[in-house]
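turn this into a model:
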Amino acid sequence: MKTVKIGLIGLGSVGSSVMKFYSTNKELIRQKCNCDIEIKIVCDKDKSKKNILPFNVEFTDNYKKVLEDPEIDVVVELIGGLHPAYEIITEAIKCGKHIVTANKAVLSEYWDKIFGLANKYNKSIYFEAAVAAGIPVIQSLHEGLAGNKILGITGILNGTTNYILTLMSQQKCSYEVAVKRIQNMGIAESDVYYDVSGYDTACKLSILSSLAYSCWVKIKNIFVEGIEGIELQDIIFAESFGYSIKLLGNTQFYKNGYFFEVRKFLVNKKSVFANILYENNAVMFNGDYCGKILLAGKGAGGFPAASAVISDIIAIAKEIAEAVGGRMQYVRYIPKQINIINTKEVEDCFYLRFTTVDKAGVLAKIANILGKYKVSIASVYQKEPLFKHRRGVPIILITHKTKEKNIILALEKIKKLDVVLKTPIYMKIYSNN
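Purely as a prediction, here's the structure:
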């Protein structure tokens, strides 16, 4: 029976979970791929991690030793970030290795170079763990839905932001307090920028979209906003008329093209997304023949991600054992353009919040400007301030469908009114439940 040898680079949360997963389920894994799998060498810059490895596994702090080992069939890259991950992956391919990676940033940033190189050298790259950890979204999209034209992809793709929004909603705490709590719980890193800015979600949406549309959807093609500084009052107001606030990655076929966005949405409380809580993720695919398909589960954590990594190792090991590894590319990169629509041109409904002085005629002034920019009001909510020390009275409007560019132009005018005390807030309402 053939033995497939693995070199693992990165012994952090996911890497150490892969080692434990492999040790526990080694016999089951062997049965699944009809060959032996041996993790021969592990690399990490922290030399003290050598102590957690089984005695028969080599350790190094120099990744080049893994790449240059002629016995290694598959390099598993689990260090994250752009560099040196990009160099590790590309050098490994040139050294004749297949790749398993959980690195969403490097794939979204260098999709063309990485898969172009893999195609040139006839090497396979698997990356299930790069999106939604233990949920098999990559395989489902790339294989299970392969015959469908994908009309839309929407997902809660970041566990940290979803946990923050869940705490704010359930415990009625501020954004700052929610962030501190999950950091103290060990759920979030000390630097949450890549999560809360929307960048992490954008990387994952880039990967899913690139697979769905057989092209490279770049980060720069995606409108990205995060949840930094979201105010508790918006969560409370949204809930009072039947919505939850979620950070979604969203792409839809619209008219004659596609638009791509990561942003805060108001979602109906009856929506599946409103009921995805804490670190859980969910992805909905909409195919022309399969309809809407939802996948949900643990989208973060060492063991869920390790589950996806092991799945990829098994898939590649099968190919190697059957002597077809790399002959049929998992992703074949072909330069291709699709028509990308600016999200500002897309019509949808919006939530608007204004903080104004408390006197007659304020709403009329706001409505007059909105009307000039073709923004039609569906409903109005005038609320008492949630906190007594806050200056001003909140006015909340829900619009009929309109282009976002109209909203932006109108709000630029409205914020200059002497009756408006703070910059107006707006959020899109998700309508594809």
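
how about the helices of the stretch 101-250 of the chain, start to end?
104-109, 111-121, 137-139, 159-171, 175-184, 193-196, 199-212, 232-240 (DSSP state H, counting those that start in this stretch).

how about the stretch 301-433 of the chain?
302-321, 362-372, 404-414.

return the distance of the residue of the chain most remote from its centre relative to Gln382.
Distance to the chain centre peaks in the chain at Ala360, reaching 44.8 Å (criterion: CA atoms, centre = their mean). From Ala360 across to Gln382, the span is 12 Å (CB to CB, to the nearest Å). For every residue, glycine as well, the C-beta is placed using N, CA and C.

redo the helices of the stretch 101-250 of the chain as a markdown table? Include mean neighbour count, distance to Ile293 and mean pLDDT.
Below are the helices of the stretch 101-250 of the chain laid out as a markdown table (neighbours: other CB atoms under 10 Å; distance: least, CB to CB, whole Å; pLDDT from 0 to 100):
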| stretch | mean neighbour count | distance to Ile293 | mean pLDDT |
| --- | --- | --- | --- |
| helix 104-109 | 24 | 21 | 98 |
| helix 111-121 | 18 | 24 | 96 |
| helix 137-139 | 23 | 10 | 97 |
| helix 159-171 | 22 | 20 | 97 |
| helix 175-184 | 16 | 30 | 96 |
| helix 193-196 | 20 | 26 | 97 |
| helix 199-212 | 25 | 13 | 98 |
| helix 232-240 | 18 | 27 | 95 |
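
looking at these, which is nearest to Ile6?
helix 111-121 (17.6 Å; CB to CB).

give me the number of residues near the spatially closest residue to Ile79 that is not a sequence neighbour?
Leaving out its chain neighbours, the residue that sits closest to Ile79 by CB to CB, 6 or more residues apart in numbering is Gly10, at 3.8 Å. Neighbourhood size, Gly10 [other CB atoms under 10 Å]: 24.

got the phi and psi for Gly10?
phi 110, psi 110 (degrees, to the nearest 10).

please list all residues in contact with it.
Residues near Gly10 by CB atoms under 8 Å, 6 or more residues apart in numbering: 43-44, 76-80.

just the ones of the residues you listed in strands?
Using DSSP state E, the members of the contacts of Gly10 that fall in strands are 43, 76-77.

which of these has the most neighbours?
Among those, the one with the most neighbours (other CB under 10 Å) is Val76, at 30 neighbours.

wait, it touches Ile9, no?
Yes - Val76 is within contact range of Ile9, at 6.8 Å (criterion: CB atoms under 8 Å).

which neighbours do the two share?
In contact with both Val76 and Ile9: Gly15, using CB under 8 Å, 6+ apart.

which strands and helices sit next to the helix or strand containing Ser16?
According to DSSP states H and E, Ser16 maps onto helix 13-24. Other elements packing on helix 13-24 under the criterion 3 or more CB pairs under 8 Å, 6 or more residues apart in numbering; DSSP states H and E are strand 3-9, strand 36-43, helix 302-321.

quick revisit: so which of the helices of the stretch 301-433 of the chain comes closest to Lys64?
helix 302-321 (21.5 Å).

which of the helices of the stretch 301-433 of the chain sits closest to Asn122?
helix 302-321 (11.1 Å).

may I see the buried residues of that closest one?
Within helix 302-321, the residues scored as buried using 16 or more other CB atoms under 10 Å are 302, 304-321.

taking strand 36-43 as reference, get the angle to that helix.
Calculated by axes from the mean of the first three to the mean of the last three CA atoms, to 10 degrees, helix 302-321 forms an angle of 120 degrees with strand 36-43.

give me the packing partners of helix 302-321, helices and strands only.
strand 3-9, helix 13-24, helix 26-33, strand 36-43, strand 74-77, strand 98-101, strand 125-126.

and the angle from that helix to helix 13-24?
60 degrees.

okay, the angle between helix 302-321 and strand 3-9?
Using the same axes, to 10 degrees: helix 302-321 against strand 3-9 is 140 degrees.

output helix 302-321 as CSV, restricted to C-alpha atoms.
Backbone C-alpha positions of helix 302-321 (Å, rounded to 0.1, in the frame of the first residue of the first chain) are rendered in CSV as follows:
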residue,chain,number,x,y,z
GLY,A,302,-9.2,24.7,15.4
PHE,A,303,-11.1,21.4,15.1
PRO,A,304,-13.7,22.5,12.5
ALA,A,305,-10.9,23.9,10.3
ALA,A,306,-8.8,20.8,10.9
SER,A,307,-11.8,18.7,9.7
ALA,A,308,-11.6,20.5,6.4
VAL,A,309,-7.8,20.2,6.1
ILE,A,310,-7.9,16.5,6.7
SER,A,311,-10.7,16.2,4.1
ASP,A,312,-8.4,17.9,1.6
ILE,A,313,-5.5,15.7,2.5
ILE,A,314,-7.6,12.6,1.9
ALA,A,315,-8.7,13.9,-1.5
ILE,A,316,-5.2,14.5,-2.6
ALA,A,317,-3.9,11.3,-1.2
LYS,A,318,-6.5,9.4,-3.2
GLU,A,319,-5.3,11.1,-6.4
ILE,A,320,-1.7,10.3,-5.6
ALA,A,321,-2.4,6.7,-4.7
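
now it and helix 26-33, what's the angle there?
Using the same axes, to 10 degrees: helix 302-321 against helix 26-33 is 50 degrees.

which residues touch helix 302-321?
By CB under 8 Å, 6+ apart, helix 302-321 touches 2, 4, 6, 13-14, 16-18, 20-22, 25, 29, 32-35, 37, 73-74, 76, 78, 98, 100, 102, 124, 126-129, 133-136, 139, 297-298, 325-326.
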